[in-house]
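*Asks:* Coordinates for the following, if possible.
(one chain, ligands or ions: 1)
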Amino acid sequence: MHIKSAEFITSARSLPDCPSWDTPEFALIGRSNVGKSSLINLLSNNDSLAKVSATPGKTRLVNFFLMNGSWCLVDLPGYGYAKAGRSEKFDFNERVGDYLEQRANLRRVFVLIDSRLAPQRLDVDFLVWLAATGVPFSLVFTKVDKQSAAKTQASIALFQGRLVECLGSEAEGFACSAQTRVGRDEILRRMDASLRP
Ligand code: GDP
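*Replies:* Prediction:
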């Protein structure tokens with residue numbers, strides 16, 4: 001899919017604040033610093049669309065980016081921000097939960113996983129919760145340029161093995177690098193397929 005235009009539309013604090021439209025949406029979510037902003041910039045071919053930040057947990061709002069005037073990338077706050085206070089963290093997750101459980105025009109969720117890490121409990125717990133909602137999802141294993149292809153493959157296999165234990169099956173996954181742009185075409189192709197009736 002060719003990206004001809006990408007524009008920031010709005011930030012929402014909660015579900016009622018989200019745009020009222022039936023534009024198809026793809027949500028991106030993952031732990032802080034996993035590379036979500038970089039992925040949005042990569043997909044949109046725009047290095048400054050989402051802010052890339054070295055400070056974990058800065059994103060607090062649900063951000064909407066309209067692509068080609070017809071579908072939307074939705075940037076969800078990262079989960080598991082350790083520095084946030086207990087009640088803030090809970091509240092924050094609840095809003096994301098509302099969006100994921102109730103948004104009628106949400107087509108698919110892309111869950112970002114750092115390809116260099118052993119399976120993290122926070123990611124696996126989140127995926128178990130997400131799978132129970134019934135919303136279709138894919139995994140994006142990020143930052144694959146930072147290690148050998150063999151290490152990435154081993155890490156992905158380990159993660160998929162955990163999902164088989166916890167969910168009973170593997171999930172669709174993409175290996176991706178915002179630096180080398182590997183994975184971009186495959187992810188966009190997946191989105192394109194999800195937009196077709
Ligand atoms: P976010 O907090 O999930 O939005 O993560 P960011 O997109 O801000 O990325 C966090 C850090 O990881 C930044 O320093 C990025 O430059 C870096 N980063 C993100 N994706 C990649 C990648 O694919 N390759 C490399 N080498 N660095 C990346």
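*Asks:* elements contacting whichever strand or helix holds residue 111?
*Replies:* Under DSSP states H and E, the secondary-structure element containing residue 111 is strand 106-114. Using 3 or more Cβ pairs under 8 Å, 6 or more residues apart in numbering; DSSP states H and E, the elements in contact with strand 106-114 are strand 25-30, helix 36-44, helix 86-102, helix 121-133, strand 137-142, helix 184-195. All C-beta atoms are positioned from the backbone trio N, CA, C, and that covers glycine.
*Asks:* quick one: contacts for residue 127?
*Replies:* 111, 137, 163, 166-167, 171 (Cβ atoms under 8 Å, 6 or more residues apart in numbering).
*Asks:* Can you tell me how far the residue nearest to residue 75 when sequence neighbours are not counted is from the ligand?
*Replies:* In space, residue 75 comes closest to residue 63 once its chain neighbours are excluded; the distance is 4.0 Å by Cβ to Cβ, 6 or more residues apart in numbering. Look at residue 63 and the ligand: by Cβ to the nearest ligand atom, to the nearest Å, they are 11 Å apart.
*Asks:* List, one by one, the residues from the protein near the ligand.
*Replies:* With Cβ under 6 Å from any ligand atom as the criterion, the chain comes near the ligand at residues 30, 32-38, 52-54, 78, 142-143, 145-146, 177-179.
*Asks:* among the residues you listed, which ones are buried?
*Replies:* Using 16 or more other Cβ atoms under 10 Å as the burial test, the residues of the chain next to the ligand include 30, 32-38, 78, 142-143, 177-178 as buried.
*Asks:* Poorly predicted segments of this structure, please.
*Replies:* 52-60, 80-93 (pLDDT under 70).
*Asks:* So which of the helices and strands packed on strand 106-114 is nearest residue 11?
*Replies:* Checking these against residue 11 by Cβ to Cβ gives helix 86-102 as the closest, at 12.2 Å.
*Asks:* Would you confirm that residue 139 contacts residue 167?
*Replies:* No. Look at residue 139 against residue 167 with Cβ atoms under 8 Å: they stay out of range, at 11.6 Å.
*Asks:* Pick out whichever of those two has more residues nearby.
*Replies:* residue 139 (25 against 15; other Cβ atoms under 10 Å).
*Asks:* Not counting sequence-adjacent ones, nearest residue to the more buried one?
*Replies:* Spatial nearest neighbour of residue 139, chain neighbours left out: residue 173 (4.0 Å); criterion: Cβ to Cβ, 6+ apart.
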